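Peer 1: Pasting a predicted model and its sequence here:
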Amino acid sequence: MKVLILGGTSEARELARICSDERGLDIVSSLAGRVANPRLPVGAVRIGGFGGVEGLRHWLTDNAIDAVVDATHPFAAQVTANAADAAALAGVPLLHVRRPAWRRQPGDLWTIVPDLAAAAKALTPHGERVLLTIGRQGVGAFADRADRHFVIRAIDAPSAPLPPRHKVLLARGPFSFDDELVLMSDHRIDVIVTKNSGGDQTEAKLAAARTAGVPVILIDRPPLPAGARSVENAADAMSWLTGLLPR
Ligand code: NAP
């Protein structure tokens, strides 16, 4: 059975790894090609966009794909929507893997907002120094906030437009609780802006913010497509795939 894994996450790499031991599953992982030096999954990998819904539909058909697992990041809403449409058109079963969202804990000073634009507005009541950990894309939503100083942490350097007062820190998680506390203290951070990505790789900043009493503006996740079938981890995706194998 040929399976396409839409990847770019630790869950997608984990799924490729556990599938590589399973006879009967022929896996190809797909990456968008956003990161200059990506962490590669085991097995076959293709890199780059498909060309929208039609491009993906053709790719599924041309490559005789039997099942698709969308294990992309919870904020990669476009490729997730495209996967839903293309898989339906091609008549191929599709499963989404979505790690659980982070949940508010006692002591958290969270403001939950629906998107990047709302996050930029929500800075107003907070202090001047902002830690921005939303990835490289989307920083432009903060370009007009000349009244704030941004510490922008991303894997690769963000491209313009950037807010006029900023410092870029290039780093790739996972990050430890202690390191996050030091970062917030060294840069005298007043507020953090981040996405509710979930997972343990980048969760330490929330625990550090709780400890340090630093408020967090948390961008809520986009919803999955209507009627989507989803699981929370690679092991459950693997069970779904093996359930599709002919007996
Ligand atoms: P997006 O906005 O949902 O997708 C934009 C376009 O990028 C898609 O229409 C598709 O192009 C292409 N694309 C995205 N993921 C792809 C994949 N795995 N394989 C092939 N093409 C892909 O996605 P994004 O938010 O830019 O994220 C890009 C990648 O980075 C995803 O694979 C995601 O898992 C990973 N990532 C994203 C975030 C985040 O915060 N958004 C964080 C960590 C990792 P075509 O229409 O041409 O097919």
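Peer 2: Cool, the structure landed. Small disclaimer: the values here were computed from a predicted structure and weren't measured.
Peer 1: Tell me the buried residues in stretch 152-159?
Peer 2: Neighbour-count burial for stretch 152-159 flags 152-155, 158 (criterion: 16 or more other CB atoms under 10 Å). Placement of C-beta: from N, CA and C, glycine included.
Peer 1: Find the pair from the residues you listed with maximum spatial separation.
Peer 2: Greatest spatial distance among these (CB to CB): Ile152 and Ile155, at 11.4 Å.
Peer 1: Kindly identify which of the buried residues of stretch 152-159 also come near the ligand.
Peer 2: Contacts with the ligand are made by none of those, judged by CB under 6 Å from any ligand atom.
Peer 1: Next, format the residues you listed as TSV and append pLDDT and secondary structure.
Peer 2: As requested, those are exported to TSV (pLDDT from 0 to 100; DSSP: H, G, I helix; E, B strand; the rest coil):
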residue	pLDDT	secondary structure
Ile152	98	strand
Arg153	97	strand
Ala154	96	strand
Ile155	93	coil
Pro158	95	coil
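Peer 1: Grab the nearest non-local neighbour of Val45.
Peer 2: For Val45, the nearest residue in space outside its immediate sequence neighbours is Ser29; the separation is 5.0 Å by CB to CB, 6 or more residues apart in numbering.
Peer 1: by contact count, what packs against the helix or strand where that neighbour lies?
Peer 2: Here Ser29, judged by DSSP states H and E, is contained in strand 26-31. Using 3 or more CB pairs under 8 Å, 6 or more residues apart in numbering; DSSP states H and E, the elements in contact with strand 26-31 are strand 2-6, helix 10-20, strand 44-47.
Peer 1: swap the cut-off to 10 Å and go again
Peer 2: strand 2-6, helix 10-20, strand 44-47, helix 52-62, strand 67-70 (3 or more CB pairs under 10 Å, 6 or more residues apart in numbering; DSSP states H and E).
Peer 1: which one of the buried residues of stretch 152-159 is nearest the ligand?
Peer 2: Among those, Ile155 lies closest to the ligand (CB to the nearest ligand atom), at 8.5 Å.
Peer 1: returning to what we had before: can you check which residues contact both of Ile152 and Ile155?
Peer 2: 135-136, 170 (CB atoms under 10 Å, 6 or more residues apart in numbering).
Peer 1: Spit out the contact partners of the closest residue to the ligand within the chain.
Peer 2: With CB to the nearest ligand atom as the measure, Gly49 is the residue of the chain nearest to the ligand, at 2.4 Å. Gly49 sits next to 30, 32-33, 55-56, 78-79, 82 when contact means CB under 10 Å, 6+ apart.
Peer 1: So this protein: which segments form each domain?
Peer 2: 2-99+223-244, 110-219 (automatic domain parsing).
Peer 1: Where do the helices of this protein begin and end?
Peer 2: Per DSSP state H, the chain carries helices over the ranges 10-20, 52-62, 77-90, 116-121, 177-186, 204-212, 234-244.
Peer 1: among those, which is the most enclosed?
Peer 2: helix 10-20 (a mean of 21; mean count of other CB atoms under 10 Å).
Peer 1: quick one on the thing from earlier: now, which of the contacts of Gly49 lie close to the ligand?
Peer 2: 30, 32, 55-56, 78-79, 82.
Peer 1: Count the residues that sit near Val191.
Peer 2: Close neighbours of Val191, defined as other CB atoms under 10 Å, add up to 22.
Peer 1: Show me which residues of the chain sit near the ligand.
Peer 2: 6-9, 30-32, 34, 49-52, 55-56, 72-73, 75-79, 82, 135, 137, 195.
Peer 1: Was I right to think Val113 contacts Ala141?
Peer 2: No: using CB atoms under 10 Å, Val113 is not in contact with Ala141, being 11.0 Å away.
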